[in-house]
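Asker: sequence below, structure please.
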Amino acid sequence: MTDTIDRLAGLAADNPCFTTRHEREKVALATQACENLLLGSTLDSALTQAERLVLAAEQARVSGVAALEAEYRARAEALTDAITPELRQILDKAGAQTGNARLDAMLHFVRTLALNPAESDRAALLAIPAAGLSLNDTVLLAQLIGFVAYQARLLVGVQAMNAMGGKAEAQPTEPVAAAAFVHPANLPAPGEPLRRNGFTSETLGWKAWLEGLDPDTATPEQQQVLDASHPKARSMDFYLVLARQPQVLLERSQAFNAIMYAPGGLSRAEREVAATAVSRANGCVYCASVHAQRFEQLAKRNDVMAQMFDDPDTAGTNARERAIIQSALVLTRAPGSFGTQNLQPLRDAGLSDLEILDMLHSAALFGWANRLMLNLGQEIWPAGA
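Answerer: Presented below is the predicted three-dimensional model:
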């Protein structure tokens, strides 16, 4: 099976970056499986393969990731008979409007979410089914946008790793032992709510803007995927909405678990630092709350979370955290400008190449997660918060 990231990043089997990337083989396989499903020809959807490819190319263009734009443009162009005059307009003219209400509603959603997911809203989402797309296909579109956000950022990260060259090392070095942690007197104790600048570490709810499945009338496949997704999936809006596309939900879950829970490499706590940095940059209060809380549980401190809630651009309690946060912020905000200059500080701070890859995976993944949480619903704060 051809791996798109390997091919576009110019990785060959004897390449140090190829070797590092395939130490996370489950992530590579899950990433390709998501692409094959979302942009292939097997999905039963009125959102045609040609439309999905053109929208993916447009998102890559707006994101500034030329190699991915060219890839999806070429695949779309190969579907000669399926390229309608409206799709041809999008391919031929940057920023084109087609006059087709259905397609233009999707284009607006794609272009906004490409770099500024927090600038979209409930009205932009509901305009899509109002223009003729089914609820199932609206969820498919949201998953497609999330995936392309992830893939574009992973691609530029792997390209930068390849350009930087492999580091000669027998084993990843252990971080230098830090001084004993003294909890800042101005912060609540870990485990207590940390509320700063509109962000929090407490448990939030989430309410979908689209109607979710009724678990009692879901298909056997949907029920199976719900049961495999989360112990409480049958009562959680997030899963009930995403299970409208059960195959996509299943493949996304495989990618998520392979990235966030793989053994070795970057510590679980530092993966949560990257996830929270991206969520803070994207304005995703819900994801930031979940992953700030997980960091606290793992690291038994919340100082770096408070710093990120206040100002992510200056956050980090040590060189490793600062390098992780700054790299994640550039990858999130400006993937088209991401390069070796954004990875070298990670290496200088002592991260191994596998740890750098884990950071890239975590940061890119939350480009996907944030877009789902921000654009399919909204966070719900506890009563009295």
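
Asker: thought Ala319 was touching Leu351?
Answerer: No - counting by Cβ atoms under 8 Å, Ala319 sits too far from Leu351 to count as a contact (9.8 Å). From N, CA and C alone the C-beta is placed, and that goes for glycine too.

Asker: which one of the two has more residues nearby?
Answerer: Neighbour totals were compared for Ala319 and Leu351, and Leu351 leads with 27 against 16 (other Cβ atoms under 10 Å).

Asker: who touches stretch 101-117?
Answerer: 51, 55, 58-59, 62-63, 86-87, 90, 95, 97-98, 119-120, 124-125, 127-128, 130-133, 141, 145, 149, 282-284, 333, 370-371, 374-375 (Cβ atoms under 8 Å, 6 or more residues apart in numbering).

Asker: ugh, wrong one, stretch 232-246
Answerer: Against stretch 232-246 from outside (Cβ under 8 Å, 6+ apart): 135-136, 139-140, 143, 206-208, 210-213, 215, 218-219, 221-222, 224-227, 229-230, 248-249, 252, 372-373, 376-377.

Asker: state the distance from the closest residue to Gln344 other than its chain neighbours to Ala274.
Answerer: Spatial nearest neighbour of Gln344, chain neighbours left out: Met164 (6.8 Å); criterion: Cβ to Cβ, 6 or more residues apart in numbering. Taking Cβ to Cβ, to the nearest Å as the measure, Met164 falls 18 Å from Ala274.

Asker: looking at those two, which one has more neighbours?
Answerer: Comparing Met164 with Ala274 by other Cβ under 10 Å, the one with more neighbours is Ala274, at 28 against 20.

Asker: contacts only, for the more buried one.
Answerer: 324-325, 328, 359, 362-363, 366.

Asker: ok, Leu376 next?
Answerer: Going by Cβ under 8 Å, 6+ apart, Leu376 touches 125, 139, 142, 208-210, 238, 241-242.

Asker: now, which of these sits nearest Asn186?
Answerer: Top of the list for closeness to Asn186, among the contacts of Leu376 and by Cβ to Cβ, is Phe238 at 33.8 Å.

Asker: which element, helix or strand, includes that closest one?
Answerer: helix 237-242 (DSSP states H and E).

Asker: beyond that helix, next helix or strand please.
Answerer: helix 246-260.

Asker: okay, buried residues for that following helix please.
Answerer: For helix 246-260, the neighbour count (16 or more other Cβ atoms under 10 Å) marks 246-256, 258-260 as buried.

Asker: tabulate the residues you listed (CSV), appending pLDDT.
Answerer: Output for the buried residues of helix 246-260, formatted as CSV (pLDDT from 0 to 100):
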residue, pLDDT
Pro246, 98
Gln247, 97
Val248, 97
Leu249, 98
Leu250, 97
Glu251, 96
Arg252, 97
Ser253, 96
Gln254, 96
Ala255, 97
Phe256, 97
Ala258, 97
Ile259, 98
Met260, 98
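
Asker: next, format those residues as CSV and append distance to Ala160.
Answerer: As requested, these are exported to CSV (distance: Cβ to Cβ, whole Å):
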residue, distance to Ala160
Pro246, 35
Gln247, 32
Val248, 28
Leu249, 30
Leu250, 30
Glu251, 26
Arg252, 25
Ser253, 28
Gln254, 25
Ala255, 21
Phe256, 23
Ala258, 21
Ile259, 18
Met260, 22
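
Asker: flag the shaky bits of the protein, pLDDT-wise.
Answerer: Applying pLDDT under 70 to the chain flags residues 1, 168-183, 185, 385.

Asker: go through it and flag its longest helix.
Answerer: Across the chain, the longest stretch assigned as helix under DSSP state H is helix 135-164.

Asker: do I have it right that Met308 meets Ala315?
Answerer: Yes - counting by Cβ under 8 Å, Met308 does reach Ala315; the two are 4.4 Å apart.

Asker: okay, and the common contacts of these two?
Answerer: Common neighbours of Met308 and Ala315 (Cβ under 8 Å, 6+ apart) are 277, 325.

Asker: which of the two has more residues huddled nearby?
Answerer: Neighbours of Met308 and Ala315, each counted by other Cβ under 10 Å, are more numerous for Met308; the result is 28 against 24.

Asker: state the distance from the more buried one to Gln247.
Answerer: According to Cβ to Cβ, Met308 and Gln247 sit 35 Å apart.

Asker: next one: Ala299
Answerer: Per Cβ to Cβ, Ala299 is found 36 Å from Gln247.

Asker: swap in Lys93?
Answerer: Remark: distance between Lys93 and Gln247 (Cβ to Cβ) = 34 Å.

Asker: and if you look at Val278?
Answerer: As judged by Cβ to Cβ, Val278 and Gln247 stand 26 Å apart.
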